[in-house]
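> Turn this into a model:
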Amino acid sequence: MMNPIFLKEAVRLSKSDSTIVNKLYPEACRNLVYSFLPLSFPVNKETPKKIILDKQGALAVKASGYLGIGIWLGGSYPDGLERGLFNFPIDGLNIVGGINHAALMYKLNNEANWHFCGSNCEIKTDGISQYLELTFHVNDLDLTDNSGAYNVTVNYK
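Numbering: from 1, shown residues only. This is a model prediction of the structure:
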């Protein structure tokens, strides 16, 4: 079936063959959306991207843009804010402590911890996997008063 040239004839699946394959693989392939690099997209909330690597190496991420983050803080660039208005501490507003407020951050392959990315970062791949999931997010517990988005580009280094 997988190589009709080897069999010298085209093979057709019967209805029972099709039923068995559908039981083995119930999730349709159309739900597995992977993209090739380079990619460009906006980030203002948790944003997963499924990527197919066609060569090995590190990934370069560049981010720009401005995100409005509420009436008291104004806005931020992808590197985020260390302190609030009048040098007020704002760590309590973050998803992840130790990363600037509203900074761009990422996870690779659904790992547990977020990593700071900011306006420019390098993400090392394992050198083996051809498929990976890269998730970006803004370090802000309350996204409801935000406006705008960071413009993120991912490419090979």
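> and the next element down the chain from the strand or helix carrying residue 62?
Secondary structure from DSSP states H and E places residue 62 in strand 59-68. Counting by DSSP H and E, the next helix or strand C-terminal to strand 59-68 is strand 75-76.
> Show residues contacting that following strand.
66-69, 100-103, 148 (Cβ atoms under 8 Å, 6 or more residues apart in numbering). From N, CA and C alone the C-beta is placed, and that goes for glycine too.
> where along this protein do the strands fall?
For the chain, applying DSSP state E gives strands covering 35-36, 39-43, 47-52, 59-68, 75-76, 104-108, 115-116, 120-123, 131-138, 147-156.
> Using CSV, lay out those together with mean pLDDT and distance to residue 90.
As requested, those are exported to CSV (pLDDT from 0 to 100; distance: least, Cβ to Cβ, whole Å):
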stretch, mean pLDDT, distance to residue 90
strand 35-36, 92, 34
strand 39-43, 98, 20
strand 47-52, 95, 23
strand 59-68, 97, 14
strand 75-76, 96, 11
strand 104-108, 97, 15
strand 115-116, 98, 16
strand 120-123, 97, 22
strand 131-138, 96, 14
strand 147-156, 97, 18
